[in-house]
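**Student:** okay, sequence plus prediction incoming.
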Number of protein chains: 2
Amino acid sequence: MIETSAVGSLVFETHPSHYRHWKLSFAGPVATLRLDVQEDAGLGDDYRLKLNSYDLGVDIELADAIQRIRFEHPDVRTVVVTSGKERVFCAGANIFMLGGASHGFKVNFCKFTNETRLAIEDASLNSGLSFIAAVNGICAGGGYELALACDEIILVDDGTSAVSLPETALLGVLPGTGGLTRVVDKRKVRRDLADAFCTVAEGVKGKRAVAWRLVDAVIPTSRFSDGVQERALARAAMSDRPAGATGIRLGPLSPRVSDDAIAYSSVTLRLDRARRTADVTVAAPESAQPATPPSIAAAGDQFWPLRAFRELDDALLRLRFNEPEIGTVIVRTSGDPALVLDVDRALNAHRNDWLVREVVHFIKRTLKRLDVTSRSFFALIEPGSAFAGTLFDLALACDRIYMLDDSDNPNTIALSPMNAGAYEMGNGLTRLQTRFLGDPGRVEVLLARDAPFDAAEALDDGLVTFAPDDLDWDDEVRLAIEERAALSPDALTGMEASLRFAGPETMETKIFGRLSAWQNWIFQRPNAIGEHGALKVYGREGRPEFDWKRC
Amino acid sequence: MIETSAVGSLVFETHPSHYRHWKLSFAGPVATLRLDVQEDAGLGDDYRLKLNSYDLGVDIELADAIQRIRFEHPDVRTVVVTSGKERVFCAGANIFMLGGASHGFKVNFCKFTNETRLAIEDASLNSGLSFIAAVNGICAGGGYELALACDEIILVDDGTSAVSLPETALLGVLPGTGGLTRVVDKRKVRRDLADAFCTVAEGVKGKRAVAWRLVDAVIPTSRFSDGVQERALARAAMSDRPAGATGIRLGPLSPRVSDDAIAYSSVTLRLDRARRTADVTVAAPESAQPATPPSIAAAGDQFWPLRAFRELDDALLRLRFNEPEIGTVIVRTSGDPALVLDVDRALNAHRNDWLVREVVHFIKRTLKRLDVTSRSFFALIEPGSAFAGTLFDLALACDRIYMLDDSDNPNTIALSPMNAGAYEMGNGLTRLQTRFLGDPGRVEVLLARDAPFDAAEALDDGLVTFAPDDLDWDDEVRLAIEERAALSPDALTGMEASLRFAGPETMETKIFGRLSAWQNWIFQRPNAIGEHGALKVYGREGRPEFDWKRC
């Protein structure tokens, strides 16, 4: 059973040279991601990853591969996702891993795999990439959910290979990675057909799978490779990926990890386990950053916004998995806000450059990772901070913003054009739009202001929650953090999941809200995880025993 | 502890003459609903309804009152919701009732109270009514959620009365009746202020409550009644309720209840507890129905669509609360579809008549009650059925539709203009639009057809799920029901909640999806309901003990 407790214990960085489960290869504009899971190389030692089933370690490699294709291989235009095993594409998340995992691990595992699949869709939408699921064998549960995240699903027509979501029928749980939502909302499968599909363990194959919109095409075995290749090239021809660009290398982050801190180059995470709080500080660049596409490409992964947000992303993942008892995260920034605003000017001016585009969308995804992290985030704005532009979006992602109003010590925040649309939340709105749903005209007025806001102005304009003066600051902030830390962690998770996403819902917010919440509920129910629950009994002798009450 | 098991045990019909907790009075165009809870008259005998707190019995009266105001009192234009007690408006759902209730009862209780609050908003939107919450004292939790359902919230400014959602802080659960969603989505309270508000047990009062958009106005005690009255009359002046219309009387349904069946005039519910299935049959009218507003008004509650859907609504509620182990509901209709289509013609022609409007919206709400009922619904269409127009929307609300294709026995379905927009689902779409999200053009084509569909046509056009012939029908239907009955009830609940609501999300679907799912999860967590959980410990000695893990 995977249980973690030290901030450094589970790591999320990897590299294709270390992959054990995926093989990444390139041929012209087509990359192939081939799943060939090494059964005995799971993260835990109490299960084997049979039938190309996956655990967190497999998905960390997939997430890494998608990221590297975007940054390191701008020549790639289509990604074919397929299996390296005979007659099996992927059997989904490993059931014995799930059966033995703690509730919290299951929840965080599903959250991470959901983020990986949404990253695939983000690459399709924003990065000129196409993904084809070349389903060359049985494709069940999370395997089909991976296919659903691709732009196109091609199923081999070999008389036996089917796509299926057998979770409800076999395990008494839901497909945990967006399957139900994507079936009806993305692929727009009719709800009654979806109902039939999601309750039949053996799934649907052949022409019926096409007729029900579950896959886009079926191709007989003999023509499968050629057919997939044709589609991959046809899709590549439609891509807006740059011609002749050279990728940048995503090097290791190499943080200094101690028992209660992780120090990266621009991000520091410090833990106070006794108070169940963490401090995250993001430092502004220490010097002027490159401001043209060639110089940004030359800086590569050392370009400050990419470096800082890669570090923040890594810190958030470690916090989620390794430090479940840390309930409140204090978010600070430091350094020169003018340098942040200079970076924002460059990002905004060159948003059509392929690399800048990747950097901006990476920042966006990191902020979204924070949005769905079930910890309370309080931003503290004090003299010496650098909450400007992109870094102010970090404050806007927090549950509350405290800003010190001290007339003796200047303390300001600033907006930039990057707050105006670069970092959309999952609900399709910017953080300013979500914040001012009740007063939408204010967003433009605030963005039009070409000057920083002091604390009184920021409070007045609704950009911060509270602005205590220097007499009250210490007590007010301390009390707020202490009070937060005393509240029920579960109630806070549900509350934050409700308050953070006002406004429209999208497929993405439905996956993290509606679907994940139901899944989490089911993952708590004796019918799934009790001694005779379906998830526990699977693969053993005997059948599940259910409490038949519907609620 | 309230646990029910016989289909007749909890009843949902009442009448103002029997109210124990609400007082309904009328003065010109203004009705006043005054909450004055009788502490010792709760449904259960192990709690007292102190501080105007409520249980299901209190809410059944409220739901009845809203309904009767719509049908029986067309002269009413504004409803003032207030309290008959000094210094307390309403303390919300009774905590000791919740603490002692089974999980299933809590879930169904919250679902019912949510439906009641949505019925208030439906009356505001569609019935020309305005609701003013005249908050004349402390207003906590479900009390504030009731106020949030009103169009306008006026809080007394007496130095102490506050609005609050103390659930997270005091009980370790969420406000269960849409509070979080309405705060940020309806009232558009800024998310950081909402965060602060929802974690401070004592709530917010006075000018700050107005500034944070939590209430619309505060009025000092001395001017409170006059101020509320002024607003009530101003709102009444803007109403489109009919002038000089006479209401109809909603008489008792008087079903014949036996151990395993409830027989109403047009609806029959039969239970097969051994197989955990129920059969619901809705009979078409037996004779031509009135077709003009005066004759419809003369028929009153005996007008078939009103009568039949009131019966169906009552049957659904009894099923939910009294028969938790019935997992699958078989939906049939019987009688002459031509008479149903005649009714639809009348409903469609006179949709602007106040009473017809009420009937149509009542049907809509009943179908929505089915949409959020956590049972599987299979419609069976056989010769002799009457799945036409409005009754076909009932089939469209089901998870699957089976239609017998028997060339020897004619069997058809038909659409009517009432399928084109009268019965919007919670997601804002019609059931046809939701069904054909992937092929939206088809909706108009199907609606344009002025002839019935036989089974082959219905299957071809996607209006039914399966159309077995007479050789296969019995086995295929029996197997489908048996297989359904064998699945995990919890997984089915989560699956159906995901598949039924494809397309856009609205405040309403967010409440039943996102918010309720999180609430249900929290209601299962030891931090709420364990021996030392916050909900269990409340009001006793000692403080809750939490497992601090966040997930």
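**Tutor:** Ah, there it is.
**Student:** hmm, residue A:175 is touching residue A:141, no?
**Tutor:** Yes: using CB atoms under 8 Å, residue A:175 is in contact with residue A:141, at 5.9 Å. For every residue, glycine as well, the C-beta is placed using N, CA and C.
**Student:** between the two, who's got more neighbours?
**Tutor:** residue A:175 (32 against 26; other CB atoms under 10 Å in any protein chain shown).
**Student:** any idea of the pLDDT on the more buried one?
**Tutor:** The predicted local confidence for residue A:175 comes out at a pLDDT of 93.
**Student:** list phi and psi for it.
**Tutor:** Phi and psi for residue A:175, reported as degrees, to the nearest 10, are phi -60, psi 130.
**Student:** tell me the contacts of it?
**Tutor:** For residue A:175, the contacting residues are A:141-142, A:144-145, A:165, A:167-168, A:198, taking CB atoms under 8 Å, 6 or more residues apart in numbering or on different chains as the criterion.
**Student:** from those, which would you call buried?
**Tutor:** Among those, the ones that count as buried by 16 or more other CB atoms under 10 Å in any protein chain shown are A:141-142, A:144-145, A:165, A:167-168, A:198.
**Student:** what about dumping the CA coordinates of the helix or strand encompassing residue A:362 to PDB?
**Tutor:** Applying DSSP states H and E as the criterion places residue A:362 in helix A:354-371. Output for helix A:354-371, consisting of C-alpha atoms alone and laid out as PDB, is shown next (Å, rounded to 0.1, in the frame of the first residue of the first chain):
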ATOM      1  CA  TRP A 354       5.400  28.600 -30.300                       C
ATOM      2  CA  LEU A 355       7.600  28.600 -27.200                       C
ATOM      3  CA  VAL A 356       6.000  31.600 -25.500                       C
ATOM      4  CA  ARG A 357       2.700  30.000 -26.100                       C
ATOM      5  CA  GLU A 358       3.900  26.800 -24.400                       C
ATOM      6  CA  VAL A 359       5.200  28.800 -21.500                       C
ATOM      7  CA  VAL A 360       1.900  30.600 -21.000                       C
ATOM      8  CA  HIS A 361      -0.200  27.500 -21.200                       C
ATOM      9  CA  PHE A 362       2.100  25.800 -18.800                       C
ATOM     10  CA  ILE A 363       1.600  28.600 -16.300                       C
ATOM     11  CA  LYS A 364      -2.100  28.300 -16.900                       C
ATOM     12  CA  ARG A 365      -2.100  24.600 -16.100                       C
ATOM     13  CA  THR A 366       0.000  25.100 -13.000                       C
ATOM     14  CA  LEU A 367      -2.500  27.700 -11.700                       C
ATOM     15  CA  LYS A 368      -5.300  25.200 -12.500                       C
ATOM     16  CA  ARG A 369      -3.500  22.600 -10.600                       C
ATOM     17  CA  LEU A 370      -3.700  24.900  -7.600                       C
ATOM     18  CA  ASP A 371      -7.400  25.600  -8.200                       C
END
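**Student:** which SSE is immediately downstream of it?
**Tutor:** That would be, after helix A:354-371 and using DSSP H and E, strand A:376-381.
**Student:** ok, back up a step: could you pick out which of the buried ones among the contacts of residue A:175 are near chain B?
**Tutor:** Of the entries in the buried ones among the contacts of residue A:175, the ones placed beside chain B under the rule of CB under 8 Å from any CB of the partner chain are A:167-168, A:198.
**Student:** just give me the closest of these to residue A:32.
**Tutor:** For these, the residue nearest residue A:32 by CB to CB is residue A:167; the value is 28.0 Å.
**Student:** buried residues in the longest helix along chain A?
**Tutor:** For chain A, the longest helix by residue count, based on DSSP state H, is helix A:103-126. Residues of helix A:103-126 classed as buried by neighbour count (16+ other CB under 10 Å): A:104-124.
**Student:** hmm, residue A:452 is touching residue A:411, no?
**Tutor:** No: the criterion here is CB under 8 Å, and residue A:452 misses it with residue A:411 at 9.5 Å.
**Student:** looking at the two, which one has more neighbours?
**Tutor:** Legend: neighbour count by other CB under 10 Å for residue A:452 and residue A:411, higher for residue A:411 (22 against 18).
**Student:** now do the SS call for the residue nearest to the more buried one when sequence neighbours are not counted.
**Tutor:** Leaving out its chain neighbours, the residue that sits closest to residue A:411 by CB to CB, 6 or more residues apart in numbering or on different chains is residue A:383, at 4.6 Å. At residue A:383, secondary structure determined by DSSP: H, G, I helix; E, B strand; the rest coil is coil.
**Student:** residues contacting residue A:383?
**Tutor:** Going by CB under 8 Å, 6+ apart, residue A:383 touches A:404, A:406, A:409-411.
**Student:** the same query, at a cut-off of 10 Å, please.
**Tutor:** By CB atoms under 10 Å, 6 or more residues apart in numbering or on different chains, the contact set of residue A:383 is A:404, A:406, A:408-412, A:470.
**Student:** which element is the residue located most distally from the centre of chain A on?
**Tutor:** Distance to the chain centre peaks in chain A at residue A:408, reaching 41.4 Å (criterion: CA atoms, centre = their mean). Using DSSP H and E, residue A:408 sits in no helix or strand.
**Student:** got it, and residue A:133?
**Tutor:** Taking DSSP H and E as the definition, one finds residue A:133 inside strand A:130-135.
**Student:** now that strand: how far from the chain's centre is it?
**Tutor:** For strand A:130-135, the distance between its averaged C-alpha position and the chain's averaged C-alpha position is 20 Å (CA atoms, centre = their mean, to the nearest Å).
**Student:** please name the nearest non-neighbouring residue to the residue nearest the centre of chain A.
**Tutor:** Chain A has residue A:115 as the residue nearest its centroid, 2.9 Å off, counting by CA atoms, centre = their mean. Setting aside the residues directly before and after it, residue A:115 is nearest to residue A:369 in space (CB to CB, 6+ apart), at 6.4 Å.
**Student:** quick one, helices of the stretch 201-350 of chain A?
**Tutor:** Taking DSSP state H, counting those that start in this stretch as the criterion, the stretch 201-350 of chain A carries its helices at A:206-211, A:224-237, A:293-299, A:304-322, A:337-349.
**Student:** one more: the stretch 401-550 of chain A?
**Tutor:** Using DSSP H, counting those that start in this stretch, the helices of the stretch 401-550 of chain A run over A:431-435, A:441-448, A:455-460, A:473-485, A:489-499, A:507-510, A:516-524, A:526-529, A:534-537.
**Student:** tell me what the last one is packed against?
**Tutor:** In this structure, helix A:534-537 makes packing contacts with helix A:95-100, helix A:516-524, helix A:526-529, helix B:489-499, judged by 3 or more CB pairs under 10 Å, 6 or more residues apart in numbering or on different chains; DSSP states H and E.
**Student:** name the residues of stretch A:180-190 that are buried.
**Tutor:** Under the neighbour-count criterion of 16+ other CB under 10 Å, stretch A:180-190 has A:180-185, A:187-190 buried.
**Student:** next one: it, is it in contact with chain B?
**Tutor:** Yes: between stretch A:180-190 and chain B, judged by CB under 10 Å from any CB of the partner chain, the touching residues are A:180-181, A:183-190.
**Student:** extract the CA atoms of that stretch and return them as PDB.
**Tutor:** Once side chains and other backbone atoms are set aside, the C-alpha atoms of stretch A:180-190 remain, and they are given as PDB (Å, rounded to 0.1, in the frame of the first residue of the first chain):
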ATOM      1  CA  LEU A 180     -18.700   9.300 -17.900                       C
ATOM      2  CA  THR A 181     -18.500  13.000 -18.500                       C
ATOM      3  CA  ARG A 182     -16.500  12.600 -21.800                       C
ATOM      4  CA  VAL A 183     -18.800   9.900 -23.100                       C
ATOM      5  CA  VAL A 184     -21.900  12.200 -22.900                       C
ATOM      6  CA  ASP A 185     -20.300  15.700 -23.000                       C
ATOM      7  CA  LYS A 186     -17.300  15.300 -25.300                       C
ATOM      8  CA  ARG A 187     -18.300  12.500 -27.600                       C
ATOM      9  CA  LYS A 188     -22.000  13.300 -27.100                       C
ATOM     10  CA  VAL A 189     -23.000   9.600 -26.900                       C
ATOM     11  CA  ARG A 190     -26.800   9.500 -26.400                       C
END
